[in-house]
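# below are the sequence and a predicted model; questions follow.
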Number of protein chains: 2
Amino acid sequence: MTGAVEQGDRKRRGRRAAGQDTRAALLTAARALFVERGYEGATVRAIAARAGVDAAMVNHWFGGKEALFGEAVLQLPVDPAAVVERVLDGPPERIGERIVRTFLGVWDDSGGGAFAALVRSVTAHDEVARVLQEFFLHTLFARVLASLDVDQADLRATLCATQVVGVGMVRYVLRFEPLVSAEVDTVVAAVAPTLQRYLLGDISAEPG
Amino acid sequence: MTGAVEQGDRKRRGRRAAGQDTRAALLTAARALFVERGYEGATVRAIAARAGVDAAMVNHWFGGKEALFGEAVLQLPVDPAAVVERVLDGPPERIGERIVRTFLGVWDDSGGGAFAALVRSVTAHDEVARVLQEFFLHTLFARVLASLDVDQADLRATLCATQVVGVGMVRYVLRFEPLVSAEVDTVVAAVAPTLQRYLLGDISAEPG
DNA sequence: ACCCGATCTCAACGCGCGTTGAAAACCTTT
DNA sequence: AAAGGTTTTCAACGCGCGTTGAGATCGGGT
């Protein structure tokens, strides 16, 4: 019975017990580490360690780090349909406020780390900027603007992007006070009118 | 004469001719590469190659990459005094316009590469964010706001930062159209009123 | 004119990265 | 129960990184 005792915690070689979805575990670990450290900072070894498997599994299941990144990043932490619905649900004259509240609601939760990592990924990896543009402009603001029926929709969308992205940069990445500690209501009061004007107001040279 | 011909282009060992300021050459090369590729992308070998010297010179003159970075980055590519003067030179009711024009004037020149690299450096190196905050808020906007005499100056400064940084992100890093190709006047017309309000207008909850 | 220190190249070190191939352990099929 | 394919760990490779020490070369002080 006792015979030669198995070294219990020593990782045995070969196939593990069934029911362990290594692929999914790697994807989860990769998303978390990409968010924490960005593309270059999230090493294959660290991802595999967090997933509790060997680094070679990344190549076995995805073919390489690049491909794993491709699969992991494209699953954004927000549900586009829900966001659009939340933004459009209410009177048009307060849509700016709802955008700011939704934006802060999504990113404040992670303490800003998620947004910072997204920015890090954008600068390290050109493809991410394309994906973001697709999502931000075409998926989100295109629908919002379609329901508002204004001219220069594309320009208005990018202007909204400047203000929203800017708030994210200063609040989550640069961490300039007092905006980091500012209440949501304070930010809303200041920024919402800007979005309101970009979406529905006059954005051309003001007459006299 | 012909004897043993010296291999002319082969780098000779030992001390070079006098008058070659290796330290300054390294600093210049480092600034250029940090701007082009960010902190992690600017390798010691590449910096030394651009300066035309060996990589070991970085350690000899600065003690390491980190210290070289510290000296190189603190010399920003803009002259604070000139910027402040240019922004303040004119009527207060058009200060928003002057800020946007100055900002685009500084960064449009490099085709956006310099701004993108700055962002890359910020996300790769926490210290840069601190330096930027010092420069942006305390050196620039503190003086601007001091001359305007308004309440909540710190909050107003960070709000301006959100809009200005946001324009830079969308125009230079994310490259969302149509803002990338937009004329300066178009951007000014849309964004200047926002800065005008952040600096001099009402940023609290609007009365009903 | 000599020497000593400052300056510079070269070769190599150790590290961590992404990746690869072989061998071990497990599961499924027959 | 034997066979065969799938999953997994392990060991090692090649690369580029920042850094180091030895030695060659030049310049300035005496």
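Good, I have the coordinates.

# where does chain A get nearest to chain B, residue-wise?
When scored by C-beta to the nearest C-beta, chain A has A:Gly166 as its residue closest to chain B, at 2.3 Å. The way it works is simple: take the backbone N, C-alpha and C, and place the C-beta from them, glycine included.

# in chain A, which spans are helices?
A:22-41, A:44-51, A:56-62, A:65-73, A:80-88, A:95-108, A:113-124, A:126-133, A:142-146, A:153-168, A:184-200 (DSSP state H).

# could you tell me the least trusted of the ones you listed?
Of all the helices of chain A, the minimum mean pLDDT falls on helix A:126-133 (a mean of 69).

# and B:Pro178, which of the helices of chain A is closest to it?
B:Pro178 sits nearest to helix A:153-168 of all the helices of chain A, at 5.3 Å, using C-beta to C-beta.

# remind me what the closest one packs against, helices and strands.
helix A:95-108, helix A:142-146, helix A:184-200, helix B:153-168, helix B:184-200 (3 or more C-beta pairs under 8 Å, 6 or more residues apart in numbering or on different chains; DSSP states H and E).

# specify the angle between it and helix A:184-200 in degrees.
Relative orientation of helix A:153-168 versus helix A:184-200 (axes from the mean of the first three to the mean of the last three C-alpha atoms, to 10 degrees): 160 degrees.

# helix A:153-168 vs helix A:113-124, what angle?
120 degrees.

# check the offset of helix A:153-168 from the chain's centre.
Taking C-alpha atoms, centre = their mean, to the nearest Å, one finds the center of helix A:153-168 at 16 Å from the center of the full chain.

# what comes up buried for that helix?
A:153, A:155-168 (16 or more other C-beta atoms under 10 Å in any protein chain shown).

# cool, stretch A:134-147 as well?
A:Phe136, A:Leu137, A:Leu140, A:Phe141, A:Arg143, A:Val144, A:Leu145.

# which residues touch the residue nearest to the residue of chain A closest to chain B when sequence neighbours are not counted?
Distances taken as C-beta to C-beta, 6 or more residues apart in numbering or on different chains place B:Gly166 nearest to A:Gly166, at 2.3 Å, with adjacent residues excluded. B:Gly166 makes contacts with A:Ala161, A:Thr162, A:Gln163, A:Val164, A:Val165, A:Gly166, A:Val167, A:Met169, as judged by C-beta atoms under 8 Å, 6 or more residues apart in numbering or on different chains.

# ok, back up a step: nearest to A:Ala116, out of the helices and strands packed on helix A:153-168?
It is, among the helices and strands packed on helix A:153-168 and with distance given as C-beta to C-beta, helix A:95-108, at 9.5 Å.

# return the set of buried residues in that closest one.
So, applying 16+ other C-beta under 10 Å, buried residues of helix A:95-108: A:Ile95, A:Gly96, A:Glu97, A:Arg98, A:Ile99, A:Val100, A:Arg101, A:Thr102, A:Phe103, A:Leu104, A:Val106, A:Trp107.

# can you list the domains in chain A?
The record's domain split for chain A, according to automatic domain parsing, is A:22-73, A:80-200.

# tally of neighbours for A:Met57?
By other C-beta atoms under 10 Å in any protein chain shown, 19 other residues sit near A:Met57.

# which residues touch it?
Contacts of A:Met57 (C-beta under 8 Å, 6+ apart): A:Thr22, A:Leu26, A:Ala48, A:Ala51.

# mind redoing it with 7 Å?
Contacts for A:Met57 (C-beta atoms under 7 Å, 6 or more residues apart in numbering or on different chains) come out as A:Thr22, A:Leu26, A:Ala48.

# considering only these, which also neighbour DNA strand D?
A:Thr22 (C-beta under 7 Å from any atom of the strand).

# now render the contacts of A:Met57 as TSV, adding neighbour count.
Putting the contacts of A:Met57 into TSV (neighbours: other C-beta atoms under 10 Å in any protein chain shown) gives the following:
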residue	neighbour count
A:Thr22	16
A:Leu26	25
A:Ala48	20
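
# which of the contacts of A:Met57 lies closest to B:Glu40?
A:Ala48 (21.7 Å).

# so the closest one is in contact with A:Asp54, correct?
Yes: A:Ala48 lies in contact with A:Asp54 (C-beta atoms under 7 Å); the separation is 5.9 Å.

# other residues contacting stretch A:107-127?
So stretch A:107-127 is contacted by A:34-36, A:38-40, A:73, A:77, A:128-129, A:132, A:168, A:171-173, B:116, B:119-120, B:123, B:173-174 (C-beta under 7 Å, 6+ apart).

# what's the burial count for A:Asp79?
11.

# typed the wrong thing, it's A:Ala190
Counted with other C-beta under 10 Å, A:Ala190 comes out at 26.

# interface residues of chain A facing chain B?
In this structure, chain A approaches chain B at residues A:38, A:40, A:116, A:119-120, A:122-123, A:129, A:132-133, A:137, A:154-155, A:158-159, A:161-163, A:165-167, A:169-170, A:173-176, A:178-179, A:189-190, A:194, A:203-205, judged by C-beta under 7 Å from any C-beta of the partner chain.

# out of the contacts of B:Gly166, who's nearest A:Phe69?
Set against A:Phe69, the nearest of those by C-beta to C-beta is A:Val165 (21.8 Å).

# quick one: the closest one from A:Phe115, how far?
9 Å (C-beta to C-beta, to the nearest Å).

# on that earlier part again, could you pick out the buried ones from the contacts of stretch A:107-127?
So, by 16+ other C-beta under 10 Å, the buried ones in the contacts of stretch A:107-127 are A:34-36, A:38-39, A:73, A:128-129, A:132, A:168, A:171-173, B:116, B:119-120, B:123, B:173-174.

# can you narrow the residues you listed down to the ones near DNA strand C?
Of the buried ones among the contacts of stretch A:107-127, not one also sits near DNA strand C (C-beta under 7 Å from any atom of the strand).

# you'd agree A:Gln133 is up against B:Val173?
No: here A:Gln133 does not reach B:Val173: they are 11.1 Å apart, not a contact under C-beta under 7 Å.

# count of neighbours near A:Glu71?
For A:Glu71, using other C-beta under 10 Å, the count is 15.

# next: the one 10 residues further on.
When counting by other C-beta under 10 Å, one arrives at 10 neighbours for A:Ala81.

# same check on A:Val188?
A:Val188 has 21 nearby residues by other C-beta under 10 Å.
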